[in-house]
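>>> The following comprises the amino acid sequence and a computationally predicted model.
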Amino acid sequence: MRITETTEFSTRVAVFSKPGDLHELADVLAEELGLHPTDAMHEAHSAPCVLSPRLTSANAERITSAIEQLGLHTEPVPLDELRAFEDLRTVHHVACRLSGLEILDLLGLPAELIPWDDLEVLSVGETPAESSHHQQTGEFTVISSARHIHDVYTDVPAHTIELWIVCGTPERVYRLDASKLNFESLAEQKTNSIHINLRRLLQGIVRHAPHAHLTPAAREFLDHDKLTRFTSPEQLLNVTQLHLLMAHRLDAANW
């Protein structure tokens, strides 16, 4: 591993381009970051994104140069630009109001109101749920001429849909897990499908905040009802972080 021994891990690396060859990028990450090949491939598969490892500024510059040799737009990013994600807020009940997005507490009472102008980035993705469930296969066996059900259980990965909302002034991040979200605010639009409910909630948010930057996965979900599956919530986090950086740069260019 070539990383200099230091405790000043204050930088990460953002990859703004999609690699043409995942294996090439994975090889660079394994070599330069000392990652296990499987972990390096997960990072490569996530790109474009902010890579997970925290580095010194010198090592980030070196690794950025190595990745750019593959023809990918890459930049070192100070952790301060991503500080809002360290205080991630998980909420379970929201409602669209004329004045903003209202956060409700467990009793359904108003807890916080986010002005619509504060919304910066909306990110959506399907991720593995916190636990899997078991499915009985219902196979039968014959023992002593008597037929008994043989309980065979198979782990079936469960997935959920997450909506991440990044806001400014001050910058903060909210995570909504559709499987744990209260959709009562949809009123007569509420269905038995969390998929449909989350999409309707997102539609309502976008109507009030059309200026918000939507990630490609969020746009696919909103416009075409297609979900992008992420291997983990961390992968969705890294992609969301990249789009916050992109939104900041777009705002700066239009200033």
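Cool, got the structure. Numbers count the residues shown, from 1 in each chain.

>>> Okay, and H211 sits in which element?
Assessed by DSSP states H and E, H211 sits outside every helix and strand.

>>> Pull the number of nearby residues for it.
10 (other C-beta atoms under 10 Å). Heads up, the C-betas are built off the backbone N, CA and C, glycines and all.

>>> Now do it against G100, distance only.
The spacing between H211 and G100, counted by C-beta to C-beta, to the nearest Å, is 13 Å.

>>> excluding its backbone neighbours, what's nearest V206?
Nearest residue to V206 in three dimensions, chain neighbours excluded: L222, at 6.4 Å (C-beta to C-beta, 6 or more residues apart in numbering).

>>> nope, L33 is what I was after
Leaving aside its sequence neighbours, L33 sits nearest to P53 (C-beta to C-beta, 6+ apart; 5.4 Å).

>>> Pretty sure the one you found sits against E32.
No. If you go by C-beta atoms under 8 Å, P53 and E32 don't touch, sitting 9.7 Å apart.

>>> on that earlier part again, state the distance from the residue nearest to L33 to V77.
For P53, the distance to V77 equals 12 Å [C-beta to C-beta].

>>> overlap in contacts of these two?
Common contacts of P53 and V77, defined by C-beta atoms under 8 Å, 6 or more residues apart in numbering, comprise R12, V13.

>>> so I63 sits right up against G34, yeah?
No. Counting by C-beta under 8 Å, I63 stays clear of G34, with 10.9 Å between them.

>>> Of all the residues in the one helix or strand A14 maps to, which ones are buried?
Here A14 is covered by strand 11-15, with elements defined by DSSP H and E. For strand 11-15, the neighbour count (16 or more other C-beta atoms under 10 Å) marks T11, R12, V13, A14, V15 as buried.

>>> who's more crowded, I63 and G34?
Applying other C-beta under 10 Å to I63 and G34 shows that I63 carries more neighbours, namely 24 against 13.

>>> got the residue ranges for the helices in the stretch 101-250 of the chain?
With DSSP state H, counting those that start in this stretch, the ranges of helices along the stretch 101-250 of the chain come out as 194-208, 216-224, 233-254.
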